[in-house]
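Visitor: The following comprises the amino acid sequence and a computationally predicted model.
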Amino acid sequence: MQIDRVEAELMPGARNAVETCLGVKAGERVALISDEASRGVAASLAAALDEAHAAYTSLLLEEFGARPMKTAPEPVLEALETADAGILCMTPQPGELGARMAIVKVVERRRIRYAHMVGVTPEIMRQGMRADYKLIDRLSDKLRERMLRAESLTVKTDAGTEFVAHFDRGLDWVKTSGLISPRYWSNLPAGEVFTTPATVDGTFVCDATAGDHFNGKYGDLQITPLELEIEGARLKRVKCERKELEHEFWDYCHTDENSDRVGELAFGTNLGLSEMIGILLQDEKFPGVHLAFGDPYGSQTHADWQSRTHVDVLTRNCDVWIDDDRIIAKGRYQLDQLGLTSDMNA
């Protein structure tokens with residue numbers, strides 16, 4: 001793949017990804033996978049890899065077949081088989097989750113450091129990718145420690161979200177703070193702590209973004225939110241003024257027997273974000289709590305079930321209680337509750 005001209009304003013975020021998050025060292029082999037829509041970001045990442053004196057292979061998805069891709073291209077999988085680290089920098093299209101999961105399967109089997117930048121844009125490189133990931137890691141550690149002994153989580157918003165979740169002590173809370181290790185790959189920009197909940201009951205109003213292809217197709221849902229009724233961690237009803245979205249979301253969440261099941265409950269922990277931008281990859285890291293229906297990332301949480309689908313739903317300005325302790329107020333962490341200083345929120 002021919003690398004495009006590099007935009008200087010993207011370089012701080014690219015260096016953060018390569019040097020801080022992935023910890024790429026001179027001489028390491030990196031598979032840099034991108035698509036046409038993300039060529040500009042890929043160019044900045046390639047330049048950062050050059051600066052780190054890494055030996056990288058650039059792969060453009062469109063060179064291996066038509067999009068949407070139904071399966072992961074063999075050259076991509078082969079490159080990951082010999083890499084020390086990998087980066088997937090692309091814009092998702094409907095029906096491609098299986099191909100992305102095949103890429104992740106190789107990463108997890110080989111335990112290589114891996115940055116999953118699906119939906120990345122120049123705006124994200126200028127914002128979320130410039131965050132202080134060591135600070136995010138401190139918050140994520142404290143939050144994970146607290147949730148490992150938590151009995152319940154309550155989430156409310158002025159838009160109508162109100163649900164309670166309980167947890168299975170046999171399932172793990174996973175930290176993806178941006179400091180990537182061979183044990184856990186991470187989305188970038190990063191800043192999440194997540195698990196597969198045992199139960200979720202109540203209402204979730206998605207008045208921000210939804211995941212997979214819904215983000216690109218429908219954008220920010222603040223004006224026409226999705227109202228989701230959940231019982232026993234299963235989606236029971238969907239209501240939306242945009243009937244096309246309502247029916248499409250319902251059908252997506254009934255692709256297989258577990259597509260309607262809450263597979264992920266996650267905290268966003270990226271303190272460098274000041275507002276949502278309508279792009280899921282970054283917005284799901286915004287301080288708050290979100291859910292996802294479908295696959296529970298069982299290789300990380302240890303959940304013993306699977307799904308062919310996974311779709312996140314986000315809400316704005318959360319109030320969040322861990323047991324009886326209010327941890328988030330209107331989208332701002334109450335850091336003293338976690339033994340941290342309030343100036344981290346600045």
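Guide: Received, thanks. Numbering: from 1, shown residues only.
Visitor: Apart from its chain neighbours, what residue comes closest to Gly272?
Guide: Once its chain neighbours are removed from consideration, Gly272 has its nearest residue in Ala131; the separation is 3.1 Å (C-beta to C-beta, 6 or more residues apart in numbering). For every residue, glycine as well, the C-beta is placed using N, CA and C.
Visitor: which regions of the protein sit below the pLDDT cut-off?
Guide: Low-confidence segments of the chain, defined by pLDDT under 70: 1-4, 342-346.
Visitor: Next, give phi and psi for Met11.
Guide: The phi and psi values for Met11, taken as degrees, to the nearest 10, are phi -70, psi -40.
Visitor: ok, it - contacts?
Guide: Applying C-beta atoms under 8 Å, 6 or more residues apart in numbering to Met11 gives the contacts Ser44, Ala47, Ala48.
Visitor: For the closest residue in space to Gly278 that isn't next to it in sequence, which residues are in contact?
Guide: Counting by C-beta to C-beta, 6+ apart, Asp220 is the residue found nearest to Gly278 once chain neighbours are left out, at 4.0 Å. With contacts taken as C-beta under 8 Å, 6+ apart, Asp220 has the following neighbours: Ala208, Thr209, Met276, Gly278.
Visitor: And for Asp256?
Guide: Each residue near Asp256 by C-beta under 8 Å, 6+ apart is listed here: Ser307, Arg308, Thr309.
Visitor: Whichever of those residues end up buried, select them in PyMOL.
Guide: Buried members of the contacts of Asp256 can be picked out in PyMOL with the line below, counting by 16 or more other C-beta atoms under 10 Å:
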select buried, resi 307+309
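Visitor: so which of the contacts of Asp256 comes closest to Phe286?
Guide: When these are compared for distance to Phe286, the smallest value, 23.2 Å, is given by Thr309; criterion: C-beta to C-beta.
Visitor: and the gap between the closest one and Asp212?
Guide: 7 Å (C-beta to C-beta, to the nearest Å).
Visitor: mind checking the SS state of Leu49?
Guide: Going by DSSP: H, G, I helix; E, B strand; the rest coil, the secondary structure assigned to Leu49 is helix.
Visitor: Quickly find the element holding the nearest residue to it once chain neighbours are set aside.
Guide: Setting aside the residues directly before and after it, Leu49 is nearest to Tyr56 in space (C-beta to C-beta, 6+ apart), at 4.6 Å. Using DSSP states H and E, Tyr56 maps to strand 55-60.
Visitor: how far out from the middle of the chain is that strand?
Guide: Using C-alpha atoms, centre = their mean, to the nearest Å, we find the averaged C-alpha position of strand 55-60 to lie 23 Å away from the chain's own average C-alpha position.
Visitor: Stretch 314-323 now?
Guide: Averaged over its C-alpha atoms, stretch 314-323 has a centre that lies 17 Å from its chain's centre (C-alpha atoms, centre = their mean).
Visitor: Give the buried residues for it.
Guide: Neighbour counts over stretch 314-323 (16+ other C-beta under 10 Å) mark Leu314, Thr315, Arg316, Asn317, Cys318, Asp319, Val320, Trp321, Ile322 as buried.
Visitor: Give me the subset of these lying in strands.
Guide: Asp319, Val320, Trp321, Ile322 (DSSP state E).
Visitor: can you tell me which residues contact the closest residue to the second one other than its chain neighbours?
Guide: When you say that, I think you mean Val320. Once flanking residues are discounted, Val320 sits nearest to Ile328: 3.9 Å by C-beta to C-beta, 6+ apart. By C-beta under 8 Å, 6+ apart, the contact set of Ile328 is Pro287, Gly288, Val289, Cys318, Asp319, Val320, Gln334.
Visitor: And Ile328, how close does it get to Glu78?
Guide: As it turns out, when the distance is counted by C-beta to C-beta, Ile328 lies 44 Å from Glu78.
Visitor: on that earlier part again, which helices and strands sit right next to the strand holding Tyr56?
Guide: For strand 55-60, the contact count by 3 or more C-beta pairs under 8 Å, 6 or more residues apart in numbering; DSSP states H and E identifies strand 29-34, helix 39-51, helix 74-81 as packing neighbours.
Visitor: Next, the angle from it to helix 39-51.
Guide: Direction vectors for strand 55-60 and helix 39-51, defined by axes from the mean of the first three to the mean of the last three C-alpha atoms, to 10 degrees, enclose an angle of 170 degrees.
Visitor: and the angle from strand 55-60 to helix 74-81?
Guide: Relative orientation of strand 55-60 versus helix 74-81 (the same axes, to 10 degrees): 160 degrees.
Visitor: and for strand 55-60, what are the contacting residues?
Guide: By C-beta under 8 Å, 6+ apart, the list of residues contacting strand 55-60 from outside reads 1, 3, 27-36, 39, 42, 46, 49, 73, 75-76, 79, 83.
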